[in-house]
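Trainee: here's my sequence, what's the structure:
(chains A and B)
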There are 2 protein chains.
Amino acid sequence: MALVNEHFLKLPGNYLFADIAKRVNAFKTTHRQADVISLGIGDVTQPLCPAVIEALHRATDEMGTRQGFRGYGPEQGYDFLREAILKNDFLPRGIHLDIDEIFINDGAKSDTGNIQELIRWDNTVGVTDPIYPVYLDSNAMIGRAGVKDEDGRWSNVVYLPCNAENGFVPALPDRRVDVIYLCYPNNPTGTVLTKEELHKWVSYALHNDTLIFYDAAYQAYIQDDNIPHSIYEIRGARKCAVEFHSYSKTAGFTGVRCGYTIVPKELTAATLTGERIPLNPLWLRRQSTKFNGTSYLSQRAAEAIYTPEGKEQVRATIGYYMQNAALLLSTFRSLGFEVYGGENAPYVWMRTPAGSDSWKFFEEMLYGAHVVCTPGVGFGPSGEGYVRFTAFGSHEQTAEALERITRWMTV
Amino acid sequence: MALVNEHFLKLPGNYLFADIAKRVNAFKTTHRQADVISLGIGDVTQPLCPAVIEALHRATDEMGTRQGFRGYGPEQGYDFLREAILKNDFLPRGIHLDIDEIFINDGAKSDTGNIQELIRWDNTVGVTDPIYPVYLDSNAMIGRAGVKDEDGRWSNVVYLPCNAENGFVPALPDRRVDVIYLCYPNNPTGTVLTKEELHKWVSYALHNDTLIFYDAAYQAYIQDDNIPHSIYEIRGARKCAVEFHSYSKTAGFTGVRCGYTIVPKELTAATLTGERIPLNPLWLRRQSTKFNGTSYLSQRAAEAIYTPEGKEQVRATIGYYMQNAALLLSTFRSLGFEVYGGENAPYVWMRTPAGSDSWKFFEEMLYGAHVVCTPGVGFGPSGEGYVRFTAFGSHEQTAEALERITRWMTV
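Mentor: Numbers count the residues shown, from 1 in each chain, chains lettered A, B, ... in the order given. As a prediction, this is how the structure comes out:
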């Protein structure tokens, strides 16, 4: 009898955003006239910048000629892109990487979901809470998360609450964990860690032989100088951290699919007998077995954002979204809401009135203002009493959504 | 202590084709003047067809405008492509699929590697031998394959030899297995199963509650009428089979990355208590958690091959490669080699002289004729004594390679 992987059955039926889409569709079928504005899922709205469009046309033309055609690329990505990453994303911050430490992918979601394949099924997992659902769901699918209790907490997971009370700075775990997921600038709270705070995490990891899976997908939104763009800005991080980058939010690539992962050569995990195994060749083995490289077109598109024009155009779009973030913050504050994030990140994290149920608030705002947010509890138990808004709408839609919320709140 | 997934350490260090590339590079550094022709890795060489190029330009232009821009697509793919697949790849063969049974991906390698996540870690695995390495490597990485013996055989895997002696038609397993991987037209042997032969497999699966993972990546190369293009041409297959398709070989998408997987709604696997769990929603959960959809551009490109012009252009390219296959077959036969496949598939499977060591023959031909093939043993123990040639070269390169081999053989 072919047996199913029963760990899947412990998961909620839907991925969070599929669940939201379902509820929004239910609303739409009963309110056909309503024009719903979504500030829910973190998807961008502005077109690809001209430098990227030009690169895509050029790469397309190449693919139509015998001389220019490219078949399978290297599973770990083309050197032209990996070199551009080295020179632009790391060298200016004093970080020296080897080209073989960079793995191009089809977006950070795949790699943040797949990275756990490299570690034993029974390693303990630590997460800040609330958190991007992929980290825990991917561990749950293989049984590593354990079983779920009534509060939605997994038995083999250590939760590190981030809330208004601790200023969204997670305390170090009170016991050791084998791996920990950190995401800064944070999804969903939009908050950041300073270099000093991140330094504590690297020290903890080195001291406890803990692996850090560091998601830097939103680093392009950092405005303040003291906020690290990469964990490798911290001494010693090469020995304890994998880092994930994405072009999705940096350059509007959510539909183009490209990102990258850094697996330093010094990074190791242990066998049961204590032998240290480098993770870089293991990740290469994983990728060359279960992945066939990222589209050539997407890689040429990504390369284009490192040209002088590309850089300027990408910066302008990020500035555009950060104006939305500022408007969200100021409007919510003027309405008397407690809001966080939004200064070095495209997310604004809002406390619901009196910390009420976040799915209930989501539904009330959907039905009352025709605006979609993301219920905080969807990101973990400590997200209860909060909702997330994204700054990725157009100016017009963001302003319109805020007007509706203002009207709805002040009726 | 963060512990490594020790199953990875049981694998050979390199993926087969990485290993070949390494040996070819070693040759090139000592023979700088040599112009090596590769008929090794199954990568295409002809440019994308005009219909695809046009679609890519159009989609690129859309992505550069506010109105046309597309962000995240559905994780399971856009309806425009799924509908084209239904209407063109299945309906004409009398196969009725639901659109939700089709999952667009970034190529068949990812999904044939990932599909095993849905089943328990201790299910037994059956494979025809020789076989595409991804099937076993992906099972080995999670421990399902067991341990490897001296002959390179995994302890929890049932091998079904395919060789000249049995006409490359695998016998049904002499015991039951939980899942079995079939690939037809076959990679690497280039051989096919008739409808009658495939019918036996479906009956076996239904009788034994076995899941079939059916890789149809090369179906576009079938020339004979009695050879099934899809396992769903066989009654009952919807209850026992997942099927994988790819545009890589159909339309030269090895650098574009697009394919699809069919998971029928009737398909189930059991829990330990005997409950039947449908696999379609589980696969959707897997994909929406660890995958973020295929590039919009790649999906528009794939849609274009279903237009009248696209179909004609794709057919012409396949015809071009099949001319190479015919030339490989006739030349090798005239040289006195035993060759198989190549009539309904882009691969020619050749017995080495007196069934000698396939890595040794690979090296001899590389150094003697400067032509690269793939050693059969890289595809499994029963591949020893054979090598694989691909028909994906240009006419000129294929002809030149065959001239060199002829010269080398007749010296």
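
Trainee: next, count neighbours for the nearest residue to A:Gly341 once chain neighbours are set aside.
Mentor: Computed as Cβ to Cβ, 6 or more residues apart in numbering or on different chains, the closest residue to A:Gly341 that is not its neighbour in sequence is A:Gly190, at 1.9 Å. For the C-beta atoms, the positions are set from N, CA and C on the backbone; glycine is no exception. A:Gly190 sits with 29 neighbouring residues when counted by other Cβ atoms under 10 Å in any protein chain shown.

Trainee: which SSE is A:Gly190 in?
Mentor: With elements taken from DSSP states H and E, nothing contains A:Gly190; it lies in neither a helix nor a strand.

Trainee: same question, A:Val158
Mentor: When elements are assigned from DSSP H and E, A:Val158 belongs to strand A:157-161.

Trainee: centre of the chain to that strand, how far?
Mentor: Strand A:157-161 has its C-alpha centroid displaced from the chain centroid by 18 Å (Cα atoms, centre = their mean, to the nearest Å).

Trainee: is the next helix or strand after that strand positioned near chain B?
Mentor: Counting by DSSP H and E, the next helix or strand C-terminal to strand A:157-161 is strand A:179-183. Yes. Under the criterion of Cβ under 8 Å from any Cβ of the partner chain, strand A:179-183 makes contact with chain B via A:Val179.

Trainee: for chain B, what is the nearest residue in the stretch 201-350 of chain A?
Mentor: Evaluated by Cβ to the nearest Cβ, the stretch 201-350 of chain A has A:Lys290 as its residue closest to chain B, separated by 3.4 Å.

Trainee: and the closest residue to that residue other than its chain neighbours, what element?
Mentor: Once its chain neighbours are removed from consideration, A:Lys290 has its nearest residue in B:Gly113; the separation is 3.4 Å (Cβ to Cβ, 6+ apart). Per DSSP H and E, B:Gly113 falls inside helix B:108-114.

Trainee: please name every helix or strand in contact with that helix.
Mentor: The contact analysis (3 or more Cβ pairs under 8 Å, 6 or more residues apart in numbering or on different chains; DSSP states H and E) places helix B:108-114 against helix A:279-290, helix B:133-140, strand B:211-215, strand B:241-246, strand B:259-262.

Trainee: run the last query once more with 7 Å
Mentor: Helix B:108-114 sits against helix A:279-290, helix B:133-140, strand B:211-215, strand B:241-246, with contacts defined as 3 or more Cβ pairs under 7 Å, 6 or more residues apart in numbering or on different chains; DSSP states H and E.

Trainee: any chance of those in JSON lines, plus mean neighbour count, mean pLDDT and distance to B:Leu91?
Mentor: As requested, the helices and strands packed on helix B:108-114 are arranged in JSON lines below (neighbours: other Cβ atoms under 10 Å in any protein chain shown; pLDDT from 0 to 100; distance: least, Cβ to Cβ, whole Å):
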{"stretch": "helix A:279-290", "mean neighbour count": "22", "mean pLDDT": "96", "distance to B:Leu91": "31"}
{"stretch": "helix B:133-140", "mean neighbour count": "24", "mean pLDDT": "96", "distance to B:Leu91": "29"}
{"stretch": "strand B:211-215", "mean neighbour count": "25", "mean pLDDT": "98", "distance to B:Leu91": "19"}
{"stretch": "strand B:241-246", "mean neighbour count": "26", "mean pLDDT": "98", "distance to B:Leu91": "15"}
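
Trainee: quick one: closest of these to B:Asn344.
Mentor: strand B:211-215 (14.8 Å; Cβ to Cβ).

Trainee: for A:Leu56, list the residues it contacts.
Mentor: With contacts defined as Cβ atoms under 7 Å, 6 or more residues apart in numbering or on different chains, the neighbours of A:Leu56 are A:297, A:300-301, B:60.

Trainee: show me which residues of the one helix or strand it maps to are buried.
Mentor: Taking DSSP H and E as the criterion, the element that holds A:Leu56 is helix A:50-63. Applying a neighbour-count criterion of 16 or more other Cβ atoms under 10 Å in any protein chain shown, one finds A:51-60, A:62-63 buried in helix A:50-63.

Trainee: if I look at the residue in the stretch 1-150 of chain A that chain B sits nearest to, how far off is A:Ile142?
Mentor: Chain B sits closest to A:Gly113 of the stretch 1-150 of chain A, with a gap of 3.4 Å, by Cβ to the nearest Cβ. For A:Gly113, the distance to A:Ile142 equals 11 Å [Cβ to Cβ, to the nearest Å].

Trainee: likewise A:Ala84?
Mentor: Applying Cβ to Cβ, one obtains 34 Å for the distance of A:Ala84 from A:Ile142.

Trainee: what do you get for A:Ala301?
Mentor: Shown here: A:Ala301 relative to A:Ile142, a distance of 33 Å by Cβ to Cβ.

Trainee: sorry, back to before: quick one, what contacts the residue of the stretch 201-350 of chain A closest to chain B?
Mentor: B:109-110, B:113-114, B:138.

Trainee: now swap in A:Gly126 and tell me
Mentor: Residues in contact with A:Gly126, defined by Cβ under 7 Å, 6+ apart, are A:158, A:160, A:173, A:177, A:179-180.

Trainee: just checking, it is part of a strand?
Mentor: Yes. According to DSSP: H, G, I helix; E, B strand; the rest coil, A:Gly126 belongs to a strand.

Trainee: picking up where we left off before, who has more neighbours, A:Ala301 and A:Ile142?
Mentor: Counting neighbours by other Cβ under 10 Å for A:Ala301 and for A:Ile142 shows that A:Ala301 has the greater number, 32 against 18.

Trainee: shouldn't the more buried one be within a helix?
Mentor: Yes. Counting by three-state DSSP, A:Ala301 is located in a helix.

Trainee: do you know the pLDDT at it?
Mentor: Reading off the per-residue confidence, A:Ala301 sits at a pLDDT of 98.

Trainee: try A:Gly113
Mentor: For A:Gly113, the model assigns a pLDDT of 98.

Trainee: check the one 5 residues further on too.
Mentor: Turning to A:Leu118, the model gives it a pLDDT of 98.

Trainee: all the helices of chain A, residue numbers only.
Mentor: If you assign secondary structure with DSSP state H, the helices in chain A sit at A:16-30, A:50-63, A:79-85, A:108-114, A:133-140, A:195-208, A:247-251, A:279-290, A:296-304, A:308-334, A:358-369, A:395-410.
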